[in-house]
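Participant: Show me the folded form of this:
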Amino acid sequence: MLQKIGCDSMMLSQLFYDNGGTLMETSIPRILLAGTNSGCGKTTLTCAILQALVNRQLKVGAFKCGPDYIDPMFHSKIIGAKSANLDLFFFNENTLRYLLAKNACDRDISIIEGVMGYYDGMGLTTTKASSYHVATVTHSPVVLVVNAKGVSFSVLAVIQGFLTLYPDNNIRGVILNQCTAMTYPALADAITRHFSGQVQPLGFLPPMPQCSLESRHLGLVTAAEVKDLQQKLQILATQAEKTIDLDALLALGRSAPPVVCQPIKLEHSPKKVRIAVAQDKAFCFYYADSLQALQEMGAELVPFSPLEDPELPQNIHGLYLGGGYPELYASALSQNKSMRTSIHSALSQGLPCIAECGGFMYLTETIGDFPMVGFLAGKSYDTGKLSRFGYVTLTAKQDSMLCRAGESISGHEFHHWDCTDTGNAFTAKKASGKSWDCVIATPRLYAGYPHFHFYSNPNFAKNFYDACIKEKMHHDRTNQTHGH
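Facilitator: Sure thing, here's the model as predicted:
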């Protein structure tokens, strides 16, 4: 049975959760901005367009292909566009379509930012998990970003190659980056004539070195840097209004076919729990949909700062220490001894905890020369290069808090630091076949370098939530025993 619905987010959510076996269809205006390669300017263009549309008072959604945390933070915290990840290594096709519909159902337009080159997937010779893969699974119209610096008529050869490699490419428009106002009209006319309207020239951005966004680290943004970034974005948005056909982009987005998916129903618990979530400059890498999954199950998420707060929040039943930049704030984290003591004490008493990457490093004995929580044996050190970078499948070697032996989840690693003891509770395996042991896991703990997304395996979220319920029951019994 196929049920059509409108773009009211509350209604969509209710229908998703009340009609487990129903296929849902909803209209999601959207375009995917794809690049010819990394560095072609698609992030700058995405930000320029997002800011320009936000300035038009539109409700704008943003998505990032792949596992990246940085761009969604940039989209949501700096630009103000609701943002999430679309990743076909983490998710099966239905889950990806569901998360697209769930997050975009109340948006006037959503911009999906691609990753790397349009056809670049998990390996050197595959399109799996590429932007092209996402576009075909979601049937999203694609606008190709082509860097026109140092070329002129040759941009047509680039466009031709992307159009002919795979006929189902969905490419409907082209934007030229680093193109001058003098050369654009002639190139736009050539594109229109040569491709007989198959792709629309949708505008250009001129060279704007003063608005470069390539070196940002959003987890490190201070108030002054936010102001500087917002000034850059307003300059980009003003330029986009002048030289990009935003009305044509909106029309292209509205031409996208409805998104059809099977709802994913998360188990909602009548037992409420409070989960402390580390959120500050040192710990800022979280997938928004993962956190929302815990909330949909019934959790109250309690943000706190290991940098600034003296101790953990009161009356919590779980702890989530995400990734981020603890190595850059190691001195301040170390100096906050009361927080380190509070976390060590809570974990020693069995508080359920997920600690990913930077969160894992924080629980070890040291980061560099600075003492940390010390709940885990091992010292974190700088390798000076990326270590074990990329997608992995994590398979449990033993029963623990999140899963039973033999169960698996998709994960991702991206870090320059390592540890003298990274654990052996899971086996991580890459698509190439390379594998290694990792993660420290117990009935109350997951701690390791690999990040994961709860929608990759919702049972991991349920098991964490169940562990928090047990902690709540223990907490309540203890309070009753002591007469509280």
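Participant: Mean confidence (pLDDT) on the single longest strand found in the chain, please.
Facilitator: Longest strand in the chain by number of residues (criterion: DSSP state E): strand 109-117. The pLDDT scores in strand 109-117 average 96.
Participant: from the chain's centre, how far out does the following helix or strand past it sit?
Facilitator: Per DSSP states H and E, the first helix or strand lying C-terminal to strand 109-117 is helix 131-138. Relative to its chain's centre, helix 131-138 lies at 17 Å (Cα atoms, centre = their mean, to the nearest Å).
Participant: could you give the angle of helix 131-138 to strand 109-117?
Facilitator: Helix 131-138 and strand 109-117 meet at an angle of 140 degrees, taking axes from the mean of the first three to the mean of the last three Cα atoms, to 10 degrees as the criterion.
Participant: Mind giving me the packing neighbours of the helix or strand just after helix 131-138?
Facilitator: Remark: after helix 131-138, the chain's next helix or strand is strand 142-147, criterion DSSP H and E. In terms of contacts (3 or more Cβ pairs under 8 Å, 6 or more residues apart in numbering; DSSP states H and E), strand 142-147 is packed against strand 30-35, helix 155-165, strand 171-177. The C-beta positions use only the backbone N, C-alpha and C, and glycine is treated the same way.
Participant: contacting residues around strand 142-147?
Facilitator: 31-36, 39-42, 45, 118, 131, 135, 155, 158-159, 162, 169-178, 199, 202, 249, 252 (Cβ atoms under 8 Å, 6 or more residues apart in numbering).
Participant: quick one: the longest strand of the chain to strand 30-35, angle?
Facilitator: Computed by the same axes, to 10 degrees, the angle between strand 109-117 and strand 30-35 is 20 degrees.
Participant: what helices or strands is strand 109-117 leaning on?
Facilitator: Going by 3+ Cβ pairs under 8 Å, 6+ apart, strand 109-117 lies up against strand 30-35, helix 42-55, strand 60-65, helix 93-104, helix 131-138, helix 246-254.
Participant: can you pull the buried residues of the third one?
Facilitator: Taking 16 or more other Cβ atoms under 10 Å as the neighbour-count basis, strand 60-65 is seen to contain the buried residues 60, 61, 62, 63, 64, 65.
Participant: what do you get for stretch 70-85?
Facilitator: For stretch 70-85, by 16+ other Cβ under 10 Å, it's 71-76, 78-79, 81-85.
Participant: With distance to residue 281 as extra columns, can I get the residues you listed in TSV?
Facilitator: Output for the buried residues of stretch 70-85, formatted as TSV (distance: Cβ to Cβ, whole Å):
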residue	distance to residue 281
71	18
72	17
73	12
74	15
75	18
76	16
78	14
79	19
81	22
82	22
83	19
84	22
85	21
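Participant: quick one on the thing from earlier: and of the buried residues of strand 60-65, the nearest to residue 356?
Facilitator: Using Cβ to Cβ, residue 64 comes nearest to residue 356 of the buried residues of strand 60-65, at 18.1 Å.
Participant: rewinding a little: tell me which of the helices and strands packed on strand 142-147 sits most buried.
Facilitator: Across the helices and strands packed on strand 142-147, averaging neighbours per residue (mean count of other Cβ atoms under 10 Å) puts strand 30-35 on top, at a mean of 26.
Participant: What mean pLDDT does that one get?
Facilitator: On average, strand 30-35 scores 98.
Participant: just checking, what packs against that strand?
Facilitator: helix 42-55, strand 109-117, helix 131-138, strand 142-147, strand 171-177, helix 246-254.
Participant: And these: which comes nearest residue 286?
Facilitator: strand 109-117 (18.4 Å).
Participant: can you pull the pLDDT of residue 290?
Facilitator: With respect to pLDDT, residue 290 scores 97.
Participant: My read is that it contacts residue 461, right?
Facilitator: Yes - Residue 290 is within contact range of residue 461, at 7.4 Å (criterion: Cβ atoms under 8 Å).
Participant: can you count the residues close to residue 209?
Facilitator: 6 (other Cβ atoms under 10 Å).
Participant: measure it to residue 230 for me?
Facilitator: Distance, residue 209 to residue 230, using Cβ to Cβ, to the nearest Å: 18 Å.
Participant: what's the answer for residue 97, then?
Facilitator: Where residue 230 is concerned, residue 97 sits at a distance of 33 Å (Cβ to Cβ).
Participant: Same drill for those two, tell me which one is more crowded.
Facilitator: residue 97 (21 against 14).
Participant: mind checking the longest helix of the protein?
Facilitator: helix 458-481 (DSSP state H).
Participant: Show me what it is in contact with.
Facilitator: So helix 458-481 is contacted by 264, 266-267, 269, 271, 273, 275, 290, 293-294, 297-299, 315, 317-318, 350-352, 354, 401-403, 407, 409, 443-444, 446, 452, 454 (Cβ under 8 Å, 6+ apart).
Participant: how does it look with 7 Å?
Facilitator: Residues outside helix 458-481 that contact it (Cβ atoms under 7 Å, 6 or more residues apart in numbering) are 266-267, 269, 271, 273, 275, 293-294, 297, 299, 317-318, 350-352, 354, 401-403, 409, 444, 454.
Participant: now the helices and strands packed on strand 30-35 as a markdown table including distance to residue 123?
Facilitator: Listed next are the helices and strands packed on strand 30-35 as a markdown table, based on distance: least, Cβ to Cβ, whole Å:
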| stretch | distance to residue 123 |
| --- | --- |
| helix 42-55 | 21 |
| strand 109-117 | 12 |
| helix 131-138 | 12 |
| strand 142-147 | 22 |
| strand 171-177 | 23 |
| helix 246-254 | 31 |
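Participant: between the ones you listed, which gets nearest to residue 395?
Facilitator: Closest among the helices and strands packed on strand 30-35, using Cβ to Cβ: helix 131-138, at 23.7 Å.
Participant: Which elements pack onto that closest one?
Facilitator: strand 30-35, helix 93-104, strand 109-117 (3 or more Cβ pairs under 7 Å, 6 or more residues apart in numbering; DSSP states H and E).
Participant: Check the average confidence over that helix, would you?
Facilitator: Averaging pLDDT along helix 131-138 gives 98.
Participant: and that helix with helix 93-104, angle?
Facilitator: Using the same axes, to 10 degrees: helix 131-138 against helix 93-104 is 80 degrees.
Participant: quick revisit: dump the helices and strands packed on strand 109-117 into JSON lines; add distance to residue 393 as well.
Facilitator: Formatted as JSON lines, the helices and strands packed on strand 109-117 follow (distance: least, Cβ to Cβ, whole Å):
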{"stretch": "strand 30-35", "distance to residue 393": "26"}
{"stretch": "helix 42-55", "distance to residue 393": "28"}
{"stretch": "strand 60-65", "distance to residue 393": "19"}
{"stretch": "helix 93-104", "distance to residue 393": "16"}
{"stretch": "helix 131-138", "distance to residue 393": "18"}
{"stretch": "helix 246-254", "distance to residue 393": "34"}
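Participant: who wins for proximity to residue 260 among these?
Facilitator: That would be helix 93-104 among these, by Cβ to Cβ, at 7.0 Å.
Participant: Good, we can wrap up now.
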